[in-house]
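In: give me a model of this one.
(3 chains, ligands or ions: 2)
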Amino acid sequence: MTIVLTINSERHQIDADPSTPLLYVLRDNLKLNAAKFGCGLGQCGACTVLVDREPVFSCLTPISVLDGRRVRTLEGLGIADKPSPLQAAFIKEQAAQCGYCIPGMIMRAQALLEKNASPTQAEIRDHMQTNLCRCGTQMRILRAIDRAAKDMKTADAGTTTGAAR
Amino acid sequence: MTKPFIPPLSRRALLAGGGAVIVSFALMRHGLAQEAPAGPKLPGDLSKTPMLDAWIGIDAQGKITVFTGKAELGQGVKTAFIQCAAEELAVQPSAINLITADTGRTPDEGYTAGSHSMQDSGTAIRNAAAQVRDIMLSLAAAKLSIDAGTLDARDGKVSAKDGRSLGYGELASGQALHVAAQPTSRLTPPDKLKVIGSNLPRVDIPGKVTGAPMYVQDMRPDGMLHARVLRPANYGARLASLSADAARGMPGVVNIVQDGSFVAVVARGEFEAINALNVLSQNAQWSDGPQLPEQAKIYSTLTALPSQDKTILDKGDPAQPGVKRLKATYLRPYQSHGSIGPSCALAIWQDDMMTVWTHSQGVYPLRNAIAKMLSLPSDKVRCIHAEGSGCYGHNAADDVAGDAALIARAMPGTPIRVQWMREDEHGWEPFGPAMQTQVEASIDGQGKLLAWQYDVWSNTHSMRPGGPGNLLAAQYLAQPFQPDPPMPIPQPEGGGDRNAIPLYAIPNARVVSRFIPQMPIRVSALRGLGAYHNIFTTESFMDEMADAAGADPVAFRLAHLEDERARAVVSRAADAFGWTKDKPAAGWGRGFAFARYKNLAAYCAIALELRADRTTGNIELGRVVAAVDSGQAVNPDGIRNQIEGAIVQSSSWTILEEVTFDRTSITSRDWSSYPILRFPSLPQSVEVHIVNRPNAPFLGTGEAAQGPMSAAIGNAFARATGTRIRQLPLSPQRVRATLAT
Amino acid sequence: MLRRILIVVLAIVVLAGGGFLAWAWHDELPAEPRRDASAYDPAVVAKGASLAAIGSCAVCHLAKNSPSFAGGYPVETPFGVIYGSNITPDRDTGIGTWSPAAFRRAMHDGVDREGHHLYPAFPYDHFTGATDTDLDAVYAYLMTREPVRHDVPAPQLTFPLNIRLAAAAWKLLFLRHGEFVPDKSQSPEWQRGAYLAETFGHCSACHSPRNALGAEKRDEKYAGGIAEGWIGPALNAASPAPAPWTAESAFNYLRRGFDRAHGHVAGPMQEVVEHLRQANEGDVRAMATYIASLNGVAAPDAAAKAEQAVKNATSRQWPIPGRETTGSGGSSTTGLDGAAIFAGACATCHHDGGRLPISRPVALGLSSAVNGADPRNLLQIVLGGIHPAPNERGAIMPAFSGTLTDPQIVALADYVREHFSGKPKWNDTGTALEAIRRGKNS
Ligand code: FES
Ligand code: FES
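Out: Ligands and ions are numbered 1, 2, ... in the order given. Predicted structure coming up:
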């Protein structure tokens, strides 16, 4: 069955079983690397992407439910030469060790910053709790989110790529 | 770094590159003449691989390639190696192309483990680079007929004051670098260092935060198929019956590969492979495996097993009663590596050659194990490191590489990607072993430690391949391989007894390492090995002895530390924390701990504060302050990142983690049954202070904070609640039960 | 409507004049100096700890990021928000100045030390049945906790409930004082369980319907109630659980939050279980015995019926994507095919492949959320998921509120109902979902 998906503002015709979780379509069909398989159980957040404005576990999101909805992955935020504010903040804070969890972390944080431009520490920690990091990079991840929130404000959210997309 | 990293699929393609020919030649030479040249020992792993061109290649265009046998595991070594090479070759870091662990190209540096990378490979690369630079200078001096001392090497050129210059590429032609390394090098003096000691941003991070194909999980060569392995219900169970038809008929399924009790399904899509695996598992019957011990009695079960006892420290009479003598037993459960991404590998069997991309910590040992499992000569197997999710020791990386090789051999010409399922990673990886320690010590009339008797019981901490039987799949083949007999890792590094010898000055001391060969639960190396528990024990007990002596814990430690660098780190952490200044707030307790990892790597001291909720049993971590001495700091921010990470990870181990099992199988099979620290439970803040030692040797840092953090938590808990818990983890459940009265 | 009734009631009692005021008036009890923790017998403290756990005191007298018993938890009632008070022995913001008598009076009569009437969100209508000895044990337990200085916000209630006297009026109508007396013809264990469940446990508070003034309907006790937007399922003969409760299964559920014939605990009951874990095991067994008796099924029958229910539920084919065609005649293209959604979003965990031997969820056919007459609990679980308490082992189910649109959630819930319960279709799933969403947004 063919399903039309809008991913990072591009339309794709996907030929797959409608129950296929988005994660495998992103990785197998579209060759996008950012969303990762971590558990497939909705327990770790490594597969987090945005659907409309919400962070979702792509490992448990059947593509059948995405008709007419906007999917964003880490690849849609920015590229190494032109990173989004959050990506830039992660680079500035050197917020990665192995980095496997990082795409999911950034996407979840992106959803937060789009709704709340000045989250408190407690709000960030609370919002991020569905996502696991085993390397222990969390203190830096928190700093990066904090920094991105500040950078996005000083840069005036309207002119930055990530939030405005 | 954003380009796909898939290296050439065959050795032939590889050998087409000019520089690489030289390298392979150098490796071959080394292979033929194993013994290192006589004379003084060469620095780092140059002693094992002495030819300079095995480490550094410069092609005719001047392109520099540096080779390391160590692997990037997320600890940032790539960047640090590049800094070492760039500094001494006097080039920009961006001019260095670094090739990591690959049995077809790089030196054999064993495992990337034990915080050895900077000591072994960083040192080798730095010295090799300095010698190559000097070779460039002397070649240029000869060509220009000018005194080498007047020449300047910079940015890939050697320049004379008169304006003439020669590129490294022109100079390095032919066999110029095919020479053995010298024992001493002209290293850049500390005050001239530009790249070493700077916070060069990690070269891998931009790709990692933008979705570049960075991991073995992201490889997808043309024609690749996805495989999943059907693991038994329990350890040692054998396949009794399997009806594969239902799975075989499912969409996307290409093949079911079976050899004895090893079964794998191969499909076009990953999700199709997973679905077929589920159906396969419904249609498989397994025999029972051996009974597992009762978890509630695991420590008495282990200590009742036969052990090989070795006294590793024997000084004076440790039985002296002194004025006060205390005794305590400490316990540590099986703990999981818990990589966020389950282990993954890609293999292809083509032209009689097996190539495996793996995130194993030891590509050379893995290559040998796979070759033996497949009955191939070892030069018919090539293992190439590709990054995976952080591993923190010997997780399932080698096992899944074995899986991939077995499946690939059944499907010639097809690249096979295998990733483990979450429940298999949690259930089958080799855990960090459960341990028991017992310590008894006395103080004299001056409140100083008089005697110390220490016993540690542990399984082995390394079941790495090794022999093919250390690969999980090999144990289930129709012609199975047995795991190697477990061996203790000898001192001074130690395995179960790593850091069992206290660094403190104690006139009478005995330490006995009790090695238990029998392993009811599959175990191997987990970050820090025995050091985690031995430091937890020693540093907890130091606090107990300090209390017995009525001394402040920091002052008590300093009173027994003779090593100046140890003292400096302890004082730095205490000062930065404000240990002696203010008092903790009501309900909060402070804890301190210190260790020098392996008694020969980095020094690390940690001070922290916490409080415990008696009702929920939850521990709330406040401020954490660490001080670390890693010798010459190559990348201070990299050191900070490692220490911060270890602090958070060790908090998780110490407060939450315990592998669970019933009489038949491991029952902690996912993040719901094996919880790890989530964001809301992180410390309020983590601060790392670096005590830099210019020009001192590099000291491994990756595991240095693991032990001190556990003891600092235990000590702070004891001070916050008035109760000491000597059994890890300090889980909500245990805290509740302990504080119930 | 509610407000009008209340105003009338209040008007009547106020008009009744001095008599009511005299009745409603309570003296301030003298402040007591705080005794040292060592003044309390550890055995009594331990008993108090268990009773406090059974009472789930820490659920309301706790807030995020505040230590246990420091209060601040917002209790949402139909009449406004009340914040759980600070019951640590802090002298300024907690109950550090309370005497045992003051504590007893609060528990029995719903009056604080200063003489103010407490709102019935604090279930003194249950605690009133507790013995003095037991209350003294809870007192000893609380007095030996860490004092925490923590001010709690004032209640935000609508008129006339913002007048504390309204609580007195409520008591006049609904509070029955006196020690709880169990049915003496039952076994001692049952009697113990009944006492605990009816007093400290206050089980019926969530599992019974309430009248317009928020009081439990006595004649419909355990017929099912509402708590925080969730259904407290009926525990009497009307229980929606396909497997009748047995003492064993009720114990598993209350103690471990999981039973193979009932599944995982979810919603507000999850917090109750978190606390029951810390209670005396024998007491929890006793409560389980009592609870299991409420459905009127004789014990041997219940066990056999439960076994049958487990068999029925596990014999049902579970969709595995790719194994069978999903969504026969469904509308996959519009994303409203419940079977396809289930296969992609739920079947990874909710399947019978047996690959998650431990944390694998129970067969959905056994779930009361799927079998109940009202879809609310199933919707709540799909929307918000199931999450263990911080740092605890426990089932994790992710929230699907952002993953699925409302029509998709309705399609999924209806599919699950149809496929797993064998009961008639819900006809109001969409309305129920809207109600939950509204509740959340207000
Ligand atoms: S992979 Fe989706 S939540 Fe873990
Ligand atoms: S950086 Fe390795 S898991 Fe987060």
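In: going by C-alpha atoms from here, please, whenever you check contacts or count neighbours.
Out: Noted.
In: where does chain B have its least confident helix or strand?
Out: Counting by mean pLDDT, DSSP states H and E, chain B has its least confident helix or strand at helix B:11-15, which shows a mean of 33.
In: quick check: phi and psi on the residue of the stretch 601-741 of chain B found nearest ligand 1?
Out: Ligand 1 sits closest to B:Trp671 of the stretch 601-741 of chain B, with a gap of 9.2 Å, by Cα to the nearest ligand atom. Torsion angles at B:Trp671 (phi, psi; degrees, to the nearest 10) stand at phi -80, psi -10.
In: looking at it, it is touching A:Gln43, isn't it?
Out: Yes - assessed by Cα atoms under 8 Å, B:Trp671 is found in contact with A:Gln43 at 6.3 Å.
In: which non-adjacent residue is nearest residue 151?
Out: Here I'm looking at chain A. Closest residue to A:Asp151 apart from its sequence neighbours, by Cα to Cα, 6 or more residues apart in numbering or on different chains: A:Pro85 at 6.9 Å.
In: my question was about chain C, not that one.
Out: Nearest non-adjacent residue to C:Asp151, counting by Cα to Cα, 6+ apart: C:Thr93, 5.7 Å away.
In: and B:Glu170, how many neighbours does it have?
Out: B:Glu170 has 17 neighbouring residues, counting by other Cα atoms under 10 Å in any protein chain shown.
In: what helix or strand does the most centrally placed residue in chain A sit in?
Out: The C-alpha lying nearest the average C-alpha coordinate of chain A belongs to A:Met107 (Cα atoms, centre = their mean; 2.0 Å). For A:Met107, the host element (DSSP states H and E) is helix A:102-115.
In: so is the next helix or strand after that helix next to chain B?
Out: Note on helix A:102-115: by DSSP H and E, the next helix or strand toward the C-terminus is helix A:121-127. Yes - Helix A:121-127 reaches chain B (Cα under 8 Å from any Cα of the partner chain) through A:122, A:125-126.
In: most surrounded residue in these?
Out: Of all these, A:Arg125 has the most neighbours under the rule other Cα under 10 Å, reaching 18 neighbours.
In: residue contacts, that residue?
Out: A:Arg125 sits next to A:142, B:679-680 when contact means Cα atoms under 8 Å, 6 or more residues apart in numbering or on different chains.
In: how much space separates it from B:Glu609?
Out: Separation of A:Arg125 from B:Glu609 (Cα to Cα, to the nearest Å): 20 Å.
In: equivalent analysis for B:Arg409, please.
Out: For B:Arg409 relative to B:Glu609 (Cα to Cα), the value is 55 Å.
In: which one's more surrounded, those two?
Out: Shown here are B:Arg409 and B:Glu609; by other Cα under 10 Å, B:Glu609 has more neighbours (27 against 21).
In: state the three-state secondary structure for that one.
Out: What DSSP: H, G, I helix; E, B strand; the rest coil gives for B:Glu609 is strand.
In: check contacts around it.
Out: With contact set as Cα under 8 Å, 6+ apart, B:Glu609 has these partners: B:584, B:588-591, B:621-624, B:713, B:716.
In: quick one, strands of chain C?
Out: Using DSSP state E, the strands of chain C run over C:74-77, C:80-83, C:156-157, C:225-227, C:230-232, C:258-259, C:263-264.
In: make TSV out of the ones you listed and add distance to A:Ile63 and mean pLDDT.
Out: Below are the strands of chain C laid out as TSV (distance: least, Cα to Cα, whole Å; pLDDT from 0 to 100):
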stretch	distance to A:Ile63	mean pLDDT
strand C:74-77	37	84
strand C:80-83	41	89
strand C:156-157	44	87
strand C:225-227	35	92
strand C:230-232	30	96
strand C:258-259	32	92
strand C:263-264	28	91
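In: so which of those is nearest ligand 1?
Out: Proximity to ligand 1 (Cα to the nearest ligand atom) singles out strand C:263-264 among the strands of chain C, at 19.7 Å.
In: mind checking how far the closest one is from the chain centre?
Out: Distance of strand C:263-264 from the chain centroid (Cα atoms, centre = their mean, to the nearest Å) equals 16 Å.
In: who's the residue lying closest to the residue nearest to the centre of chain A once chain neighbours are set aside bridged to?
Out: Nearest residue to A:Met107, sequence neighbours excluded (Cα to Cα, 6+ apart): A:Val49, at 5.7 Å. A:Val49 has the following beta-bridge partners by DSSP bridges: A:Val56.
In: touching, C:Ala227 and C:Ser208? I think so.
Out: No - counting by Cα under 8 Å, C:Ala227 stays clear of C:Ser208, with 9.8 Å between them.
In: those two: which has the busier surroundings?
Out: Counted by other Cα under 10 Å, C:Ala227 and C:Ser208 do not tie: C:Ser208 has more neighbours, with 27 against 18.
In: so what's whichever residue of the stretch 151-300 of chain B sits closest to ligand 1 closest to, chain neighbours aside?
Out: The nearest approach of the stretch 151-300 of chain B to ligand 1 comes at B:Phe271, 12.5 Å away (Cα to the nearest ligand atom). In this structure, B:Phe271 finds its nearest non-sequential neighbour in A:Tyr24, 6.3 Å apart by Cα to Cα, 6+ apart.
In: does whatever helix or strand the one you found lives in reach ligand 1?
Out: Assigned by DSSP H and E, A:Tyr24 belongs to helix A:22-24. No - remark: helix A:22-24 sits outside contact range of ligand 1, by Cα under 6 Å from any ligand atom, the gap being at least 7.9 Å.
In: give me the contacts around that helix.
Out: Helix A:22-24 is contacted from outside by A:35-37, A:47, A:58-63, B:269-271, using Cα under 8 Å, 6+ apart.
In: can you rerun that using 10 Å?
Out: A:5, A:28-37, A:40, A:47-49, A:57-66, A:71, B:269-272, C:344-345 (Cα atoms under 10 Å, 6 or more residues apart in numbering or on different chains).
In: which residues does C:Gly201 contact?
Out: C:Gly201 makes contacts with C:51-57, C:123, C:126-127, C:193-195, C:272, C:276, C:284, C:287, as judged by Cα under 10 Å, 6+ apart.
In: before we move on, back to that, quick one: which of the contacts of A:Arg125 sit in helices?
Out: Judged by DSSP state H, the contacts of A:Arg125 include A:Leu142 as members of helices.
In: give me phi/psi at the closest residue in space to B:Gly645 that isn't next to it in sequence?
Out: Distance criterion Cα to Cα, 6+ apart; nearest residue to B:Gly645, sequence neighbours excluded, is A:Gly136 at 4.0 Å. Main-chain dihedrals, A:Gly136, degrees, to the nearest 10: phi 80, psi 30.
In: just give me the neighbour total for A:Gly136.
Out: Neighbour count of A:Gly136, defined by other Cα under 10 Å: 26.
In: spit out the contact partners of it.
Out: Listed by Cα under 10 Å, 6+ apart, the contact partners of A:Gly136 are A:96-97, B:641-652, B:677-678, B:682.
In: show me what from chain A comes close to ligand 1.
Out: Selection of chain A residues close to ligand 1 by Cα under 6 Å from any ligand atom yields A:37-47, A:57-59.
In: okay, now the domains of the chain?
Out: Unless you meant another one, I'm taking chain A. A:1-76, A:78-165 (automatic domain parsing).
In: looking at chain C here, not the other one
Out: Domain ranges of chain C: C:22-174, C:188-301, C:317-437, per automatic domain parsing.
In: residue numbers of the stretch 401-550 of chain B in contact with chain A?
Out: Within the stretch 401-550 of chain B, the positions lying close to chain A (Cα under 10 Å from any Cα of the partner chain) are B:419-423, B:425.
In: kindly report the same for the stretch 51-200 of chain C.
Out: Counting by Cα under 10 Å from any Cα, the residues of the stretch 51-200 of chain C close to chain A are C:64-65.
In: show me where the stretch 51-200 of chain C has helices.
Out: Listed in chain order, the helices of the stretch 51-200 of chain C (DSSP state H, counting those that start in this stretch) span C:57-60, C:100-109, C:124-127, C:132-143, C:165-174, C:188-198.
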